[in-house]
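Enquirer: Prediction below, plus the sequence it came from.
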Amino acid sequence: MQLDLDNVEYKRFIIPYAMISILLVSIACSVVYGSDDSASANIEGEYGLGWLKEDIIEREAPIIERDPLPDYLDWRDISGVDWMTPIRNQGGCGSCVAFGTMGSFEAMLRIDTNDPNWNLDLSEQHIFSCGGGQCDYGWYISAALNYLQVNGAPPETCFPYQASDVPCSNTCPDWESQTQKLVNWNWVANDVTSIQSYLQYGPVVSAMDVYTDFYSYPGGVYQHTSGGYEGGHCITVVGYDDINGYWICKNSWGTWWGENGWFRIAYGECDIENNVAAISVSVPEYPIQFESAENNCDSFNVGSITFDDSNYSLPIEINQTSGNYGVTFNPGGNYCFVRWETTGAISVSNTRAQSTTATVSGSATLNAIYKIRISIFEIDSNIVDSSEGDVNFIYPDHTGSKPPGVQHALLSDWTAAGYIAGMCTNRQNETTDTNQLVISHGDGSVLLLDKTVVLFGGPIVNAPVKYYENNRIAPVYYRNVGGANYWYEFDGTRLEQTRMTFSEIDSGQDMFVVEAFTDNNGNKILIVYGYGWKGTFAGGKFFKFVIDPDKINYDGSYYMFRWIDNNRDGFVDLDEISTSAAATG
């Protein structure tokens, strides 16, 4: 539809001189339009209109018959639930049609998906700029609704509102893959009962004549009393009160205007019943395939998935609308979660978190990668009872070439290893992290397959430990934050109870970790190290004399313990190590 620029019934309103002293706010404030804003987000008093009248040839009668209709309806409070999106601000641009239609459209999408908490904010600027609207002249309701039906609207972030004529090409490049579309729309018969009937399904689009006194509407039920005709304005009707005879409406002039951006208007006022349009929506559902696979691809589809509060055995395909959903992998059995892998139009907020948020925007596959879980008890038994040559002790070298970022070690780390190496029934292999037949010189990864590997010393001095922690293969990893040492679980959760400063270490304390896991090559890995060298020494001693005799009770994958030099002799005594784990998992 082409604009008839010679016969436009629209005016941009700027506050009359006599009202400046009452309504003017600081013009130095920054202008940010479109969002649910406060008075400081716009130059108050710049209230755009922009609805262009058009001939309506065909109107439809009520789509439902309820006898009687309820006396009161407000989509902001249906049994305590608010289905409306927040008040927006069109500024001085004649874009009211974009906002009035979007007010109904966004609410209908929430209602269709039965999700009043859907954080839905679609781009008014996109439909206005791409659908033929112009700030100085306005737009037609039919043009806006036809555009939403054929092309749809992408999110606000794809084309933020600017309250000006900006080219359609400013929309984000992939906007078509992010749109929501309406299914159908129609003009509504221009009587109160027909409009009320359509409102039973959701808010409707409407338009009204604006007179000067409407700009200074303070609240209550509006009736035109003074001032001349200013132009046409598109709004959203969200409810009614049949006892008191008024409509409840959403405006687009910011939250400082009217009743926090809303208004009530008497039946029959300002031709408000004569230009009502109702829309219907159906949010598309996309097939989402949920699967699980072992890290080395030896087995598939163990466990279950909890998605949007429902639990499903794997594999499963679920049809789901666009949106954000909670998702948790439940590996079950002797397995543990590793990471999420995605294909298609789905993403997760944290690929390493067993419970995370999945964002769906189309057909997709979400795959939970898992691995065999191994406990301290199991790896202890492997170390003691393995056949000759099946266990590999890898010490951090104090000389030689290492991968970037890995330092030379103290010989004390080797002393700690002696405690555990001496537990073996059979002769086993011993080497260092500079042996390129066993350790990759490029990244520090272990080149062995299906072996038991024992590592001493932390990621600063031991190349494989650094590799396993940096790639989040180990259950925990080390970080120094603001001068304090911590261990973190592989999904990024900081274990606050493992905090220890360097001054505490210097004063005669330390902490060590004992952890077990399987890597991508099927190796069973045991890592023992402390924040300082005495912590590593304490870990080796504790493993042999405390954990091994009672190993059946160590069914976790990691444990942290604290040592305090109580007698101040600078040596690690067994009774100085707390037998209560500071953290475990």
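Expert: On my side now, so go ahead. Since the model is a prediction, treat every value here as computed from it, not as a measurement.
Enquirer: If you count contacts, what does the lengthiest strand in the chain end up packed against?
Expert: Counting residues, the longest strand found in the chain (DSSP state E) is strand 355-372. Applying 3 or more Cβ pairs under 8 Å, 6 or more residues apart in numbering; DSSP states H and E, one finds that strand 355-372 makes contact with strand 285-294, strand 323-330, strand 335-348, strand 509-518. In short, each C-beta sits where N, CA and C put it, glycine included.
Enquirer: show me where the protein has helices.
Expert: With DSSP state H as the criterion, the chain has helices at 20-23, 96-112, 124-131, 141-150, 192-199, 212-215, 376-385, 412-421, 463-470, 502-506, 533-542.
Enquirer: Can you list the low-confidence ranges for the stretch 401-550 of the chain?
Expert: For the stretch 401-550 of the chain, the stretches with pLDDT under 70 are 411-413.
Enquirer: same thing with the chain?
Expert: Scanning the chain with the threshold set as pLDDT under 70 gives 1-45, 62-67, 296-298, 411-413.
Enquirer: how's it carved up into domains?
Expert: 17-281, 285-372, 376-584 (automatic domain parsing).
Enquirer: OK, contacts around residue 559?
Expert: By Cβ atoms under 8 Å, 6 or more residues apart in numbering, the residues touching residue 559 are 376, 513, 514, 515, 581, 583, 584.
Enquirer: Which of those residues sits closest to residue 215?
Expert: Nearest to residue 215 among those: residue 583, at 62.6 Å, using Cβ to Cβ.
Enquirer: Show me the beta-bridge partners of that closest one.
Expert: Following DSSP bridges, residue 583 is listed with bridge partners residue 560.
Enquirer: burial of it, as a residue count?
Expert: Neighbour count of residue 583, defined by other Cβ atoms under 10 Å: 18.
Enquirer: Test my guess that it contacts residue 498.
Expert: Yes - using Cβ atoms under 8 Å, residue 583 is in contact with residue 498, at 5.5 Å.
Enquirer: Now do the shared contacts for those two.
Expert: Joint contacts of residue 583 and residue 498 (Cβ under 8 Å, 6+ apart) are 487, 560.
Enquirer: and which of the contacts of residue 559 is nearest residue 161?
Expert: The closest of the contacts of residue 559, once distances to residue 161 are taken by Cβ to Cβ, is residue 583, at 48.3 Å.
Enquirer: What distance do you get for the closest one to residue 441?
Expert: Residue 583 sits 33 Å away from residue 441, going by Cβ to Cβ, to the nearest Å.
Enquirer: And residue 430, by the same measure?
Expert: According to Cβ to Cβ, residue 430 stands 19 Å off from residue 441.
Enquirer: where's residue 548 relative to residue 380, distance?
Expert: 6 Å.
Enquirer: do the same with residue 494
Expert: Distance of residue 494 to residue 380, computed by Cβ to Cβ: 28 Å.
Enquirer: now do residue 556
Expert: Separation of residue 556 from residue 380 (Cβ to Cβ) stands at 12 Å.
Enquirer: Pick out whichever of these two has more residues nearby.
Expert: For residue 556 and residue 380, the more surrounded residue by other Cβ under 10 Å is residue 380, and the numbers stand at 23 against 18.
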